[in-house]
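Asks: Here you go, sequence then predicted model.
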Amino acid sequence: MKIEEQIKVLQQRRSRLDLDDADQIREITDQIQHLFDEMNPDKRNNPFAVWLRSQLTDMDITTQVLGDWCGVGRVTVSHWINGHSIPQTKAWNELARIVSERTQKPLSEVLVKMSQTI
């Protein structure tokens, strides 16, 4: 199976999980990230990093501010926007909530968009 197909299968499995299944969501997310890294050695251009950088620009906030709001440090946000990592489950959910509130988009729409980037 091609890497793209493997990622799609994992994304579908993750989308069927309940938000309370944090460990399973994180495990699947890590698997997706690993496959994505195999496909894209230039991590800065991974879809999540590109999406998050555009959100920071659109919301006109800094990595420090976003980190404070998500309960993580500025360096962690820097890792996200440079494609070195993705948010852990708690920060992921907080990031979605923040983007939803700041952009006035439904939370479900933001979560779907975020999930499509990894």
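Replies: Cool, got the structure.
Asks: shaky segments in this protein?
Replies: Regions of the chain meeting the criterion pLDDT under 70 cover residues 1, 19, 37, 40-44.
Asks: Assign residue 18 to helix, strand or coil.
Replies: In terms of secondary structure, residue 18 is coil; the call rests on DSSP: H, G, I helix; E, B strand; the rest coil.
Asks: How many residues are close by it?
Replies: Applying other C-beta atoms under 10 Å, we find 8 other residues in the vicinity of residue 18. Just so you know, the C-beta spots here come from the backbone N, C-alpha and C atoms, and that holds for glycine as well.
Asks: right, and the helix or strand after the longest helix along the chain?
Replies: Secondary structure of the chain per DSSP state H: the longest helix is helix 22-39. Downstream of helix 22-39, the first helix or strand assigned by DSSP states H and E is helix 47-59.
Asks: For that following helix, list every residue counted as buried.
Replies: 48, 49, 51, 52, 53, 55, 56 (16 or more other C-beta atoms under 10 Å).
Asks: Let me know the distance separating the second one from residue 5.
Replies: Using C-beta to C-beta, to the nearest Å, we find residue 49 at a distance of 23 Å from residue 5.
Asks: Repeat that for the last one.
Replies: Residue 56 sits at a distance of 31 Å from residue 5 (criterion: C-beta to C-beta).
Asks: quick one, what contacts the residue nearest to residue 106 when sequence neighbours are not counted?
Replies: Once its chain neighbours are removed from consideration, residue 106 has its nearest residue in residue 100; the separation is 6.7 Å (C-beta to C-beta, 6 or more residues apart in numbering). Residue 100 is in contact with 106, 107, 109, 110, counting by C-beta atoms under 8 Å, 6 or more residues apart in numbering.
Asks: now those residues as JSON lines including neighbour count?
Replies: Below are the contacts of residue 100 laid out as JSON lines (neighbours: other C-beta atoms under 10 Å):
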{"residue": "106", "neighbour count": "10"}
{"residue": "107", "neighbour count": "13"}
{"residue": "109", "neighbour count": "13"}
{"residue": "110", "neighbour count": "20"}
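Asks: Brilliant, that's me finished.
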